[in-house]
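>>> need coordinates for the following:
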Amino acid sequence: MVDRSSGRAAGDRSLRMNKGDMVKKLREVGLSRREAVRILDSVLGEMTAALKRGESVEFAFGSLNRVRHTHKQQQGRFLNRTTTIYQRPYTVVLQVDAAGQRLLQGKR
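Residues are numbered from 1 along each chain as shown. This is a model prediction of the structure:
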């Protein structure tokens, strides 16, 4: 069974939130949809820029950090030709602290 309001399975209690959910929460405090999208795009854009510069983005429950990976080659096919595909050199990792663990587990 799927919950129509969130589009997730009825028994799923995960803490996932997408951009649409965040816009909905901002609208609940009185912002228009356009204002909510503009604010959210601005915040996410600044977070992305900080991560690209190698800075960490801190939250009340942890931080986002950019992690460098070794450069690995993989063989792939593109337009009926074999080509070399390189792994992304960086990914973003969420590091949750002790207060964040309690918050995510529903404890205060």
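>>> quick check on K19: phi, psi?
phi -60, psi -40 (degrees, to the nearest 10).
>>> which residues touch it?
Neighbouring residues of K19 by Cβ atoms under 8 Å, 6 or more residues apart in numbering: 40, 44. Where you see a C-beta, it was placed from the backbone N, CA and C, and this is true even at glycine.
>>> again, only this time at 10 Å
Counting by Cβ atoms under 10 Å, 6 or more residues apart in numbering, K19 touches 36-37, 40-41, 44.
>>> export the residues you listed to JSON lines and tack on secondary structure and distance to V29?
Shown next, in JSON lines, are the contacts of K19 (DSSP: H, G, I helix; E, B strand; the rest coil; distance: Cβ to Cβ, whole Å):
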{"residue": "A36", "secondary structure": "helix", "distance to V29": "9"}
{"residue": "V37", "secondary structure": "helix", "distance to V29": "14"}
{"residue": "L40", "secondary structure": "helix", "distance to V29": "13"}
{"residue": "D41", "secondary structure": "helix", "distance to V29": "17"}
{"residue": "L44", "secondary structure": "helix", "distance to V29": "18"}
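>>> among those, who's most crowded?
Within the contacts of K19, neighbour counts (other Cβ atoms under 10 Å) peak at A36, which reaches 20 neighbours.
>>> so where does the nearest residue in space to it that is not next to it in sequence fall, helix or strand?
Spatial nearest neighbour of A36, chain neighbours left out: L26 (3.7 Å); criterion: Cβ to Cβ, 6 or more residues apart in numbering. In the assignment (DSSP states H and E), L26 maps to helix 19-28.
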